[in-house]
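Participant: I'll drop the sequence and a predicted model, then ask my questions.
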Amino acid sequence: MKDITSTITKPLAVLGENGKGYTKEANFISWNGNAAKLDIREWHPNHERCGKGITLTEDEGRNLYAALKAIYEKE
């Protein structure tokens, strides 16, 4: 099986932390040397391992931003 590589090209935010020290983060990540995409997932404290997450294209990221902005502007 081919090794999967990841490079955090631009850290954005730590969204939270669980009791084991893993942090849920939003970053731009290049997977296997491809163009970086918006990525949200849990990371081991030294970024040695990561959990399951979600990777979004630029359009998907913009759509998520617009949806969240619309929700919070109503409050």
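Facilitator: Great, that's in hand. None of the values given here were measured: they were computed from a predicted structure.
Participant: got the buried residues for the helix or strand where F28 lies?
Facilitator: Counting by DSSP states H and E, the element that carries F28 is strand 23-31. Using 16 or more other Cβ atoms under 10 Å as the test for burial, strand 23-31 gives T23, K24, E25, A26, N27, F28, I29, S30. (Each C-beta comes from the backbone N, C-alpha and C, glycine too.)
Participant: Using PDB, list the CA coordinates for it.
Facilitator: Extracted C-alpha coordinates of strand 23-31, given in PDB (Å, rounded to 0.1, in the frame of the first residue of the first chain):
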ATOM      1  CA  THR A  23      -6.300  19.000  18.800                       C
ATOM      2  CA  LYS A  24      -9.000  19.600  16.200                       C
ATOM      3  CA  GLU A  25      -7.500  21.900  13.600                       C
ATOM      4  CA  ALA A  26      -8.300  23.800  10.500                       C
ATOM      5  CA  ASN A  27      -5.300  23.900   8.100                       C
ATOM      6  CA  PHE A  28      -4.400  24.100   4.500                       C
ATOM      7  CA  ILE A  29      -2.800  20.700   3.700                       C
ATOM      8  CA  SER A  30      -1.100  19.200   0.700                       C
ATOM      9  CA  TRP A  31      -1.800  15.500   0.500                       C
END
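Participant: Can I get the biggest strand by length in the chain as CSV, trimmed to CA atoms?
Facilitator: Longest strand in the chain, counting residues (DSSP state E): strand 6-17. The C-alpha coordinates for strand 6-17 follow below in CSV (Å, rounded to 0.1, in the frame of the first residue of the first chain):
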residue,chain,number,x,y,z
SER,A,6,0.7,15.3,4.3
THR,A,7,2.3,18.7,4.6
ILE,A,8,0.5,21.6,6.5
THR,A,9,1.2,24.5,4.2
LYS,A,10,-0.8,27.1,6.2
PRO,A,11,-2.1,26.5,9.8
LEU,A,12,-5.4,28.4,10.3
ALA,A,13,-6.8,27.6,13.8
VAL,A,14,-7.0,25.2,16.6
LEU,A,15,-10.7,24.6,17.1
GLY,A,16,-10.5,22.5,20.3
GLU,A,17,-8.6,19.9,22.3
